[in-house]
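Student: kindly generate the corresponding structure for this input.
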Amino acid sequence: MAEQKIKGSVLKSRLEFVHKEFGEEGLSKVMASLSEADQKILSRLVAVAWVDFEVGRRLDDAIVKALGGGSTRFFERLGEASAEVNLGTLHAAFLAPGNPQAFLAKAPQIYRLYYDVGRREYKQTGEREGVLVTHDAETFSKTDCLTVIGWYRRALEMCGAKNVRILEEECRASGGGVCRYRVSWQ
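Tutor: Residues are numbered from 1 along each chain as shown. Below you'll find the predicted structure:
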């Protein structure tokens with residue numbers, strides 16, 4: 001079975017976040033903790049190229065170990081920063097100012113931009129709420145789920161949603177069958 005891939009833009013966002021939050025010293029610390037092979041891949045990233053998901057997992061682990069003191073919670077902040085970068089430039093057409101539901105309805109197309117295997121669906125459950133579900137991803141990680149939460153929270157804010165709440169109700173990295181996120185806002 002081929003290994004799942006993610007877009008280089010996902011990993012570039014992580015590296016940019018580390019640089020912005022922790023400076024050159026923090027970025028160097030993260031890179032030094034990775035294998036030479038991973039360092040080479042990450043130093044030559046192209047935003048539109050596909051990269052093995054496992055490179056991203058190792059990068060996430062290195063960030064947590066080198067800078068996060070073992071805590072993965074700041075990956076939500078990383079997701080928010082990624083949304084600002086990607087939806088502020090390359091993928092701005094996905095935004096639906098004043099209409100968060102229209103934005104969330106695009107979840108399947110957005111997923112395909114960043115991951116090559118699996119799918120994400122969205123079901124509206126109320127005027128200002130719904131459920132995002134990721135199916136059939138071959139690889140997954142808790143840190144990636146946290147970036148998804150941060151990414152969607154910030155994206156919804158960029159669409160005008162206030163007090164966005166996203167709760168991961170089920171996670172494959174924790175033994176679930178899917179990754180399910182309950183989304184609501186005011």
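
Student: just the helices in the protein please.
Tutor: Taking DSSP state H as the criterion, the chain contains helices spanning 8-32, 36-43, 53-67, 75-87, 100-104, 107-114, 142-158.

Student: using CSV, lay out those helices together with mean neighbour count and mean pLDDT.
Tutor: Yep, even glycine has a C-beta here, placed from its N, CA and C like the rest. CSV is the format used below for these (neighbours: other CB atoms under 10 Å; pLDDT from 0 to 100):
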stretch, mean neighbour count, mean pLDDT
helix 8-32, 17, 93
helix 36-43, 14, 97
helix 53-67, 20, 90
helix 75-87, 21, 88
helix 100-104, 20, 98
helix 107-114, 16, 93
helix 142-158, 22, 94
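
Student: residue 166 is nearest to which of those?
Tutor: helix 142-158 (4.7 Å; CB to CB).

Student: ok so, going back, let's have the helices of the chain in TSV, adding distance to residue 169.
Tutor: Shown next, in TSV, are these (distance: least, CB to CB, whole Å):
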stretch	distance to residue 169
helix 8-32	23
helix 36-43	32
helix 53-67	22
helix 75-87	16
helix 100-104	16
helix 107-114	16
helix 142-158	11
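
Student: so for residue 173, which of these sits nearest?
Tutor: Ranking the helices of the chain by proximity to residue 173 (CB to CB) places helix 142-158 first, at 4.3 Å.

Student: for that closest one, list the C-alpha coordinates in PDB.
Tutor: C-alpha atoms of helix 142-158 as PDB (Å, rounded to 0.1, in the frame of the first residue of the first chain):
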ATOM      1  CA  LYS A 142      -3.300  13.600  17.200                       C
ATOM      2  CA  THR A 143      -1.200  16.700  16.300                       C
ATOM      3  CA  ASP A 144      -2.700  16.700  12.800                       C
ATOM      4  CA  CYS A 145      -6.200  16.600  14.300                       C
ATOM      5  CA  LEU A 146      -5.300  19.600  16.500                       C
ATOM      6  CA  THR A 147      -4.100  21.600  13.500                       C
ATOM      7  CA  VAL A 148      -7.400  20.800  11.700                       C
ATOM      8  CA  ILE A 149      -9.300  22.200  14.700                       C
ATOM      9  CA  GLY A 150      -7.200  25.400  14.700                       C
ATOM     10  CA  TRP A 151      -7.400  25.700  10.900                       C
ATOM     11  CA  TYR A 152     -11.200  25.400  10.800                       C
ATOM     12  CA  ARG A 153     -11.700  27.700  13.800                       C
ATOM     13  CA  ARG A 154      -9.700  30.500  12.200                       C
ATOM     14  CA  ALA A 155     -11.200  29.900   8.700                       C
ATOM     15  CA  LEU A 156     -14.700  30.200  10.200                       C
ATOM     16  CA  GLU A 157     -13.700  33.400  11.900                       C
ATOM     17  CA  MET A 158     -12.400  34.700   8.600                       C
END
